[in-house]
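Asker: how would this look folded up:
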Amino acid sequence: MPVNAEKQGATYSLPRPYDVSREEIAEFARATNAGADYHFEAEAAQALGYRDVIAPTTFAVIIAQKSEAAYITDPDSGIDFSKVVHGSEQFSFNRPIVAGDSLKATTHVDGVRAAGSNAMITTRTEIVDVADQPVVTVTSTIVVRGDGE
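Answerer: Residues are numbered from 1 along each chain as shown. The predicted structure follows:
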């Protein structure tokens, strides 16, 4: 297997909270064709009961991938990033991400298993606000191709 299976059970965290801005939300919404007015206009989001613009649901991947990067780039993980292929991504929300949020993220390496000459890695990134209230959980599967793949 092309990775260190002993990393299963390890955790990695962002070194500091991730501050979410209106500009980042709008940029992500434009890039993903999420055209709802509540992604761009605070008044539209406030009419729905939120304090500011609401991020598209997949915005959480930005924060999750920053946290997962600590694992992927850990020399002890044995991961060669040039051989990484995205497998899947799932989101489980407690509440939407809103501009002005300051979010912490911790990635858990939940599973590392062989699949032929490849490695299948499952990570779970818990994203919480600065009061440690859950916001979203992002579960990812990545494939690390083995030799000859």
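Asker: Which strands or helices does whichever strand in the chain runs longest pack on?
Answerer: Secondary structure assigned by DSSP state E gives strand 102-115 as the longest strand of the chain. Contact here means 3 or more Cβ pairs under 8 Å, 6 or more residues apart in numbering; DSSP states H and E; on that basis strand 102-115 packs against strand 11-13, strand 18-19, helix 60-72, strand 118-129, strand 134-144. C-betas here are computed from N, CA, C, even on glycine.
Asker: and the angle from that strand to strand 118-129?
Answerer: Strand 102-115 and strand 118-129 are oriented at 160 degrees to each other (axes from the mean of the first three to the mean of the last three Cα atoms, to 10 degrees).
Asker: and of the helices and strands packed on strand 102-115, who's closest to Leu48?
Answerer: Closest to Leu48 of the helices and strands packed on strand 102-115 is strand 134-144 (Cβ to Cβ; 16.9 Å).
Asker: Pick out the residue closest to the middle of the chain.
Answerer: Taking Cα atoms, centre = their mean, the centroid of the chain lies closest to Ala64, which sits 1.8 Å from it.
Asker: so who does that one touch?
Answerer: Neighbouring residues of Ala64 by Cβ atoms under 8 Å, 6 or more residues apart in numbering: 105, 107, 125, 127, 138, 140.
Asker: thinking again about what came up before, the longest strand of the chain: how far from the chain's middle?
Answerer: Relative to its parent chain, strand 102-115 has a centroid offset of 9 Å by Cα atoms, centre = their mean, to the nearest Å.
Asker: what about Ala60, how many neighbours?
Answerer: Ala60 has 24 neighbours, counted by other Cβ atoms under 10 Å.
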